[in-house]
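> give me a model of this one.
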Amino acid sequence: MLKFLPRAFAALALSVAPTVHAQTVTDSDPALWVVKDADTTIYLFGTVHVLKPGLSWFDEAVKAAFDKSDQLVVEMVEPDQATTQQLVQRIAVNPVGPTLTEKLPADKRQAYAAAMADLGIPAAALDRFDPWMAAITLSVAGLPKLGYDPNSGADKVLTAAAIAANKPVLGLETIEQQLGYFDTMPEPLQVKFLVSTLDDYSKTGEILGAMIKTWSAGDPETLGRTMNDELRDTPEVARILLTERNVHWADWIQKRMAQPGTVFLAVGAGHLAGTDSVQAQLARRKLIATRINY
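Alright, predicted model coming up:
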């Protein structure tokens, strides 16, 4: 479920990541699309929120499109870590009632404790948190030892470049909205989400590595198939975190096309792949996203 996580969580969980020095630079050519009419151009770029250093993706057509753009639009303008932590404490903590461990199916409790121990976190440490928070912790807390650096994430690089170039940065969503997607899930669905994340825990590096490989190769078709395989166990989560958001973002693009200008829109690569992608939603609105070959 890594591609759906709010990037604020990735940054929060990876804030203690060790400094990683890239030994080699690997050419990376992620997919890029454009939607345009007589006076409006919107580039669509799929990002990966955490990357290993050494991928040269911010160049060639991607950099050219960014340089031509008047504005950067991302999923969310990242708040500071203190703001995120305060919000999580407010909405994700349950001081009374059954513990998180008690909410898990009995046959998953040992695996949960083992995964948390692997992260160096006592299982009881999250017992008063909602299941969705534990799922996110399992997804991102182990990434530093796999070599991932939050400062190499595509969103962070693009945002820093926009600030340096005095380009305005707009978020499609707020941190409250993104956390709300998880927090408003019915508790049984949250538990199912946690169990699915737990089942994939040992394959985190393999899954994320495969996704980044297809992203780097500019292969959204394979990325879409990988996502569909991952989401087979939790289609309700896919609807909330992927499909419904794609619909909202396509609506935003349709409205933005009525204003002149050039926009570089960067959202998680999973939103630009598969049968329910942003491009597919745009096509239903008679807007064509054309792939830029480079």
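> per-residue confidence for the residue lying closest to Lys52 once chain neighbours are set aside?
Among residues not flanking Lys52 along the chain, Gly147 sits closest, at 4.9 Å (CB to CB, 6 or more residues apart in numbering). The C-beta positions use only the backbone N, C-alpha and C, and glycine is treated the same way. For Gly147, the pLDDT comes out at 89.
> hang on, Gly147 packs against Val50?
No - if you go by CB atoms under 8 Å, Gly147 and Val50 don't touch, sitting 10.1 Å apart.
> neighbour-wise, which of these two wins?
Val50 (27 against 17; other CB atoms under 10 Å).
> the more buried one and Asp130: what is the separation?
23 Å (CB to CB, to the nearest Å).
> for the chain, what spans make up the strands?
Remark: strands assigned in the chain by DSSP state E are 26-27, 32-36, 40-47, 55-56, 71-76, 169-173, 261-268, 290-291.
> and those as JSON lines, adding distance to Thr222?
JSON lines is the format used below for the strands of the chain (distance: least, CB to CB, whole Å):
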{"stretch": "strand 26-27", "distance to Thr222": "18"}
{"stretch": "strand 32-36", "distance to Thr222": "17"}
{"stretch": "strand 40-47", "distance to Thr222": "13"}
{"stretch": "strand 55-56", "distance to Thr222": "17"}
{"stretch": "strand 71-76", "distance to Thr222": "22"}
{"stretch": "strand 169-173", "distance to Thr222": "26"}
{"stretch": "strand 261-268", "distance to Thr222": "16"}
{"stretch": "strand 290-291", "distance to Thr222": "15"}
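> can I get those strands in JSON lines with mean pLDDT and distance to Asn151?
Shown next, in JSON lines, are the strands of the chain (pLDDT from 0 to 100; distance: least, CB to CB, whole Å):
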{"stretch": "strand 26-27", "mean pLDDT": "92", "distance to Asn151": "17"}
{"stretch": "strand 32-36", "mean pLDDT": "98", "distance to Asn151": "22"}
{"stretch": "strand 40-47", "mean pLDDT": "97", "distance to Asn151": "14"}
{"stretch": "strand 55-56", "mean pLDDT": "92", "distance to Asn151": "13"}
{"stretch": "strand 71-76", "mean pLDDT": "97", "distance to Asn151": "16"}
{"stretch": "strand 169-173", "mean pLDDT": "98", "distance to Asn151": "17"}
{"stretch": "strand 261-268", "mean pLDDT": "97", "distance to Asn151": "16"}
{"stretch": "strand 290-291", "mean pLDDT": "98", "distance to Asn151": "29"}
